[in-house]
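1. can't give you the sequence, but here's the structure:
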Ligand SMILES: [Zn+2]
Ligand SMILES: [Zn+2]
């Protein structure tokens, strides 16, 4: 049996649409019929074949994609907790279960992580085989396509639940899908004032819909001045960076208040210069980094927030396209057109 899939076939720019064999679930895995799958920043790196992708992709041909929701259509040997017909979303950090991190409650940063769409075939396909241990059943009350947003939203939930946001003045740098998720969750968790930053008018509009009180276009005005003005000269209590922009990150340490927190979610593509003495040491700033979601406490909290109606996910989705339009979707994102999350429907 064969299926449609969007692949990285050559170690070069782009991707292609092709017929490939339907995968066979290994022991402990299930076969899913993919319902929707979303394009992530990582997929754009892989499609564009930048330096990061060249260094990290070992296997081609490779079915791309890692943010997905689907219905189980077949069980591999030994699967115990899931059944045919279950709707599941995927935790993309497939961990080994044996390393130091796995044995000490940090499975999400396992030393031997394997990610779909990077190390093994991913979700830009009609079917996908996936380990039972990394799937999460989606409650019926949550619209099925939201399952494809859980993975990126979870990064934001993980950061916000670790931050002191209740009653705090919060700045979110970068209003792409990750930043918008952070805004929605920080709003739900009782932030006092959320200031969103971006350079795209379209995204700033979405930031306001997700709960930001102010949305500042940093190509037109100085965010530092604005933050100080809004906080009576004190500075931001908590900053989340979802931009990965080295200049924006360095700038954030300047308008962070003394004793404040910086949470880093965006991935800079080059080293970032921070002036440690004034901006971290004398300031007593606390800095956190995030790679993924806690397995699986972040998922539990995230599903609770969505089911309670406290976060609204519709604003995060800008396009729903058939999988056959994957190339068009990537080109649209690379041109910087108005978009946030694009869902591909196999
Ligand atoms: Zn992702
Ligand atoms: Zn491990």
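-> Perfect, I can see it now. All figures in this text were calculated on a predicted structure; none of them were measured in a lab. Ligands and ions are numbered 1, 2, ... in the order given.
2. pLDDT value on the residue of the stretch 201-346 of the chain found nearest ligand 2, please?
-> Relative to ligand 2, the nearest point of the stretch 201-346 of the chain is residue 295 (10.6 Å; Cβ to the ion). In this view, the C-beta of every residue, glycine as well, is placed from N, C-alpha and C. We note a pLDDT of 97 for residue 295 in this prediction.
3. ok, the spatially closest residue to it that is not a sequence neighbour - contacts?
-> The shortest distance from residue 295 to any non-neighbouring residue, by Cβ to Cβ, 6 or more residues apart in numbering, is to residue 107 (4.4 Å). Under the criterion of Cβ atoms under 8 Å, 6 or more residues apart in numbering, the contact list for residue 107 reads 93, 95, 97, 101, 295.
4. by neighbour count, which of the residues you listed wins?
-> Neighbour counts for the contacts of residue 107 (other Cβ atoms under 10 Å) peak at residue 95, which has 23 neighbours.
5. how about the strands in the stretch 201-346 of the chain?
-> With DSSP state E, counting those that start in this stretch as the criterion, the stretch 201-346 of the chain has strands at 214-217, 236-241, 256-264, 286-289, 317-322, 341-345.
6. what parts of this protein come near ligand 2?
-> Counting by Cβ under 5 Å from the ion, the residues of the chain lying close to ligand 2 are 95, 96, 99, 102, 110.
7. any chance of a ChimeraX selection covering the buried ones in those?
-> Command for ChimeraX, covering only those of the residues of the chain next to ligand 2 found buried under the criterion 16 or more other Cβ atoms under 10 Å:
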select :95,99,102,110
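8. per the record, what domains does the chain have?
-> The chain breaks down by automatic domain parsing into domains covering 2-137+313-345, 155-289.
9. and among those domains, the most buried is which?
-> domain 155-289 (a mean of 20; mean count of other Cβ atoms under 10 Å).
10. so where do the helices sit in the protein?
-> In the chain, the helices defined using DSSP state H lie at 41-48, 51-56, 150-162, 177-188, 201-210, 223-230, 246-255, 276, 297-307, 326-334.
11. comparing those helices by mean pLDDT, which bottoms out?
-> Set side by side, those give their lowest mean pLDDT on helix 51-56, at a mean of 92.
12. how far does that helix sit from the chain's center?
-> With Cα atoms, centre = their mean, to the nearest Å as the basis, helix 51-56 stands 19 Å off its chain's centre.
13. and that helix, what does it pack against?
-> Helix 51-56 sits against helix 41-48, with contacts defined as 3 or more Cβ pairs under 8 Å, 6 or more residues apart in numbering; DSSP states H and E.
14. how about residues contacting the helix it packs on?
-> 8, 13-15, 52-53, 57, 64-66, 117-118, 176, 178, 267, 330, 333-334.
15. and that helix with strand 341-345, angle?
-> Per axes from the mean of the first three to the mean of the last three Cα atoms, to 10 degrees, the angle that helix 41-48 makes with strand 341-345 is 70 degrees.
16. from the chain's centre, how far out does helix 41-48 sit?
-> 13 Å.
17. what of stretch 49-62?
-> Distance, centroid of stretch 49-62 to centroid of chain: 19 Å (Cα atoms, centre = their mean).
18. ok, now stretch 244-258?
-> With Cα atoms, centre = their mean, you get 21 Å for stretch 244-258.
19. just stretch 31-43 next, same as before
-> Distance, stretch centre to chain centre, for stretch 31-43: 12 Å (Cα atoms, centre = their mean).
20. begin at 154 from here
-> Taking 154 as the first residue, the last one we looked at is stretch 184-196.
21. got JSON lines for the helices of the chain, with distance to residue 297 too?
-> As requested, those are exported to JSON lines (distance: least, Cβ to Cβ, whole Å):
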{"stretch": "helix 194-201", "distance to residue 297": "21"}
{"stretch": "helix 204-209", "distance to residue 297": "30"}
{"stretch": "helix 303-315", "distance to residue 297": "11"}
{"stretch": "helix 330-341", "distance to residue 297": "18"}
{"stretch": "helix 354-363", "distance to residue 297": "21"}
{"stretch": "helix 376-383", "distance to residue 297": "38"}
{"stretch": "helix 399-408", "distance to residue 297": "35"}
{"stretch": "helix 429", "distance to residue 297": "47"}
{"stretch": "helix 450-460", "distance to residue 297": "13"}
{"stretch": "helix 479-487", "distance to residue 297": "20"}
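22. so where's the stretch 204-353 of the chain shaky on pLDDT?
-> Within the stretch 204-353 of the chain, no range satisfies pLDDT under 70.
23. can you give me the strands in it?
-> 215-216, 220-228, 240-243, 280-284, 288-290, 322-326, 346-351.
24. can you tell me what sits against stretch 291-301?
-> Residues outside stretch 291-301 that contact it (Cβ under 8 Å, 6+ apart) are 188-191, 220-223, 240-242, 303, 456, 459-460, 466, 470, 473, 496.
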